[in-house]
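**Q** build me a structure from this.
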Amino acid sequence: MEFCKQFNARTQDRSGKVLPVVITVYSDKSFDFVVKSPPVAVQLKEATKIKSGSPQSNRKKVGDVTWDQIREIAKDKMSDMNAFELKSAMSMVAGTARSMGITVSGEPSFE
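**A** I've put the predicted structure just below:
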């Protein structure tokens, strides 16, 4: 019950979003938890306003995102990704978009 109260208090500004949580429970029944940012796939679906990715991502495209949207998602997920540079994180997000059947439009700007 205590977890639910703390979780709701920490995430009240992000209600309705999928939020991964890492919970550490100690032997004295106390706990700590870390709320992470929503998964990249969820953020891409929100950006493109689609319900799900394409079942055939190489043939049927279901949405379109710009490199500016990719940059914003990468900045949000930098702490959770195993990338040290924004350019690498943007490449990872763009790869996820392509595998979901989302087209990345425009020229990449890695500043």
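
**Q** would you pull up how far the worst-scoring helix or strand of the chain on mean pLDDT lies from the middle of the chain?
**A** Lowest on mean pLDDT, DSSP states H and E among the helices and strands of the chain sits helix 2-10, with a mean of 88. Centroid separation for helix 2-10 versus its chain: 22 Å, with CA atoms, centre = their mean, to the nearest Å.

**Q** check which element follows that helix along the chain.
**A** Downstream of helix 2-10, the first helix or strand assigned by DSSP states H and E is strand 21-25.

**Q** what lines up beside that next one in the sheet?
**A** Strand 21-25 has the following strand partners under DSSP bridges: strand 31-35 (antiparallel).

**Q** now the partner strand and helix 2-10, what's the angle there?
**A** 30 degrees (axes from the mean of the first three to the mean of the last three CA atoms, to 10 degrees).

**Q** may I have strand 31-35 exported as CSV, CA atoms only?
**A** In CSV, the C-alpha atoms belonging to strand 31-35 read as follows (Å, rounded to 0.1, in the frame of the first residue of the first chain):
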residue,chain,number,x,y,z
PHE,A,31,12.0,-0.3,-0.4
ASP,A,32,13.3,2.2,-2.8
PHE,A,33,12.2,2.7,-6.4
VAL,A,34,13.3,4.6,-9.4
VAL,A,35,10.7,5.8,-12.0
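
**Q** so what touches it?
**A** Residues outside strand 31-35 that contact it (CB atoms under 8 Å, 6 or more residues apart in numbering): 2-3, 6-7, 10-11, 19-26. No exception for glycine: its C-beta is placed from N, CA and C like everyone else's.

**Q** out of those residues, which is nearest to residue 57?
**A** residue 20 (23.2 Å; CB to CB).
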